[in-house]
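Peer 1: just to be clear, the model below is a prediction. Sequence and coordinates:
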Amino acid sequence: MSEHAIAAGSLPVAVRTPGKVIVFGEHGVVHGAPELLVAIDLHLQVGVASAPEFRLNRELASASTNPYLREALERFWPGRPPVAITTSSRIPRAAGLGSSAAFVASLGAAFGSASGGVARDTLAQSSFEVERGAQGVGSPGDTSSVVAGGCIALNSPVGTLLWEVASDDASWTVRRLVDPGWVWVVAYSGIPRSTATAVQQVGRRLAEPDGPDLLQRFRHIATAGIGAMVAEDRAEVGRRMVENQQLLVDVGVSHPRLEALLTAVAPVAVGAKLTGAGCGGSIVVLPQAGREGEAVRRLARAGAVAFAVRPTLHGCDVVGSA
Ligand code: PMV
């Protein structure tokens with residue numbers, strides 16, 4: 001099987017995990033619509049070593065308010081000896097670029113390696129459960145993206161089936177698509193936001209009388225976007241991103257700062273939209289070929305933290321000892 005497992009190892013261990021962007025379908029995916037994600041070359045690295053007490057970046061874990069840490073230790077390392085966890089990351093936090101998914105999957109891979117190895121489908125399922133335990137809501141899109149690497153589609157018939165992830169009341173298929181290898185630009189607005197709050201807000205919106213029509217638009221746009229991506233049709237991908245952005249405006253998760261960034265980058269973009277939960281966070285841009293640098297400069301001048309990013313084909317993996 002090409003999706004190799006996380007190999008067995010022993011502590012200390014270091015794991016490196018990519019961030020991700022959602023190109024189509026955030027929010028819709030929570031309600032069963034398709035989603036397309038690309039793992040990107042902004043990475044988070046986690047080291048785990050035996051220690052006298054549980055610590056995260058020197059802070060005592062018992063004093064930590066980090067719900068992802070708490071859930072991850074309960075799930076991946078129950079009743080086991082204390083460890084010191086250290087992190088270093090290029091993924092801005094609470095920005096919609098996958099930092100919490102990368103943190104959770106890194107811990108799952110590190111503890112999985114130290115417990116005899118772990119298959120990727122198992123890691124995708126358990127990382128989703130940990131993230132959902134910490135957030136209370138959500139889909140397995142982010143966690144599957146950073147475990148799988150490359151380009152994946154949820155709830156779509158297109159691509160090669162990697163795995164299925166289930167919660168108590170729903171399940172999502174995860175398929176691998178061939179990544180066209182395009183350079184994207186992501187830009188963090190500097191406005192942190194809560195995924196859970198945005199997901200609950202959209203849930204209430206979809207419960208209104210026109211909710212089924214909105215959900216149908218989510219399905220339609222993501223399906224068309226996935227088709228365009230597979231056909232490597234940049235112009236169509238860009239058009240569908242713009243259409244997806246309008247839908248996200250209509251369900252109330254855009255933000256004036258995101259709109260300002262989208263306006264700033266529009267002259268050099270094939271398409272652009274918010275990425276992740278919205279209400280702040282980040283945008284993703286498909287820049288005109290060769291104008292990636294200009295897109296980054298425009299976004300930086302507009303006050304964002306902007307990066308040109310490439311897809312990374314490798315999901316989380318052990319890279320050595322901590
Ligand atoms: O902003 P992020 O990276 O937490 O992404 C959220 C994507 C949602 O569809 C809004 C929620 C989810 O879990 O899929």
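Peer 2: Arrived safely, thanks for sending.
Peer 1: skipping adjacent residues, who's closest to the residue in the stretch 51-200 of the chain that the ligand sits nearest to in space?
Peer 2: Using CB to the nearest ligand atom, the single residue of the stretch 51-200 of the chain nearest to the ligand is G138, 2.9 Å away. For the C-beta atoms, the positions are set from N, CA and C on the backbone; glycine is no exception. What sits nearest to G138 in space, not counting adjacent residues and going by CB to CB, 6 or more residues apart in numbering, is R132, at 5.5 Å.
Peer 1: for the closest residue to the ligand within the stretch 201-322 of the chain, what are phi and psi?
Peer 2: At 2.7 Å from the ligand, G276 is the closest residue in the stretch 201-322 of the chain, using CB to the nearest ligand atom. According to degrees, to the nearest 10, the main-chain angles of G276 amount to phi 90, psi -160.
Peer 1: over to K273?
Peer 2: Main-chain torsions, K273, degrees, to the nearest 10: phi -160, psi 170.
Peer 1: what's across from it in the sheet?
Peer 2: The partner list for K273 in beta bridges (DSSP bridges) reads V284.
Peer 1: mark out where each domain of the protein begins and ends.
Peer 2: 13-179, 184-309 (automatic domain parsing).
Peer 1: highest mean neighbour count out of those?
Peer 2: Each of the domains of the chain was scored by mean neighbour count; the highest is domain 13-179, a mean of 21, by mean count of other CB atoms under 10 Å.
Peer 1: for that domain, what is the distance to the chain centroid?
Peer 2: 8 Å (CA atoms, centre = their mean, to the nearest Å).
Peer 1: which helix or which strand is home to the residue nearest to T87 when sequence neighbours are not counted?
Peer 2: In this structure, T87 finds its nearest non-sequential neighbour in V46, 5.3 Å apart by CB to CB, 6+ apart. Using DSSP states H and E, V46 falls within strand 35-50.
Peer 1: check which helices and strands that strand sits against.
Peer 2: Counting contacts by 3 or more CB pairs under 8 Å, 6 or more residues apart in numbering; DSSP states H and E, strand 35-50 packs against strand 13-24, strand 83-89, helix 99-113, helix 141-148, strand 151-154, strand 184-188, helix 211-230, strand 305-309.
Peer 1: following it, which helix or strand comes up?
Peer 2: Downstream of strand 35-50 (by DSSP H and E), the next one is strand 55-56.
Peer 1: what sits up against that next one?
Peer 2: Residues outside strand 55-56 that contact it (CB atoms under 8 Å, 6 or more residues apart in numbering): 61, 64, 66, 69, 82-85, 87.
Peer 1: so what strands line up beside that strand?
Peer 2: Partners of strand 55-56 in its sheet, by DSSP bridges: strand 59-60 (antiparallel), strand 83-89 (parallel).
Peer 1: avg pLDDT for the first one?
Peer 2: Along strand 59-60, the predicted confidence averages to a pLDDT of 92.
Peer 1: got it, and the last one?
Peer 2: The average pLDDT within strand 83-89 is 97.
Peer 1: please identify the helix or strand for A260.
Peer 2: With DSSP H and E as criterion, A260 is part of helix 256-265.
Peer 1: would you mind getting the angle between that helix and strand 305-309?
Peer 2: With axes from the mean of the first three to the mean of the last three CA atoms, to 10 degrees defining the directions, helix 256-265 sits at 50 degrees from strand 305-309.
Peer 1: and helix 256-265, what does it pack against?
Peer 2: Counting by 3+ CB pairs under 8 Å, 6+ apart, helix 256-265 packs on strand 184-188, strand 269-275, strand 282-287, helix 292-301.
Peer 1: could you export the last one as PDB, CA atoms only?
Peer 2: Once non-C-alpha atoms are left out, helix 292-301 reads as follows in PDB (Å, rounded to 0.1, in the frame of the first residue of the first chain):
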ATOM      1  CA  GLU A 292       3.000  34.900  -6.800                       C
ATOM      2  CA  GLY A 293       5.600  37.400  -5.400                       C
ATOM      3  CA  GLU A 294       3.400  40.300  -6.400                       C
ATOM      4  CA  ALA A 295       0.400  38.700  -4.700                       C
ATOM      5  CA  VAL A 296       2.500  38.300  -1.500                       C
ATOM      6  CA  ARG A 297       3.600  41.900  -1.600                       C
ATOM      7  CA  ARG A 298       0.100  43.200  -2.200                       C
ATOM      8  CA  LEU A 299      -1.200  41.200   0.800                       C
ATOM      9  CA  ALA A 300       1.700  42.300   3.000                       C
ATOM     10  CA  ARG A 301       1.000  46.000   2.100                       C
END
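Peer 1: about what we covered before: among the helices and strands packed on helix 256-265, which is nearest G211?
Peer 2: strand 269-275 (20.2 Å; CB to CB).
Peer 1: quick one: that closest one to chain centroid distance?
Peer 2: Averaging C-alpha positions (CA atoms, centre = their mean) puts strand 269-275 16 Å from its chain's average.
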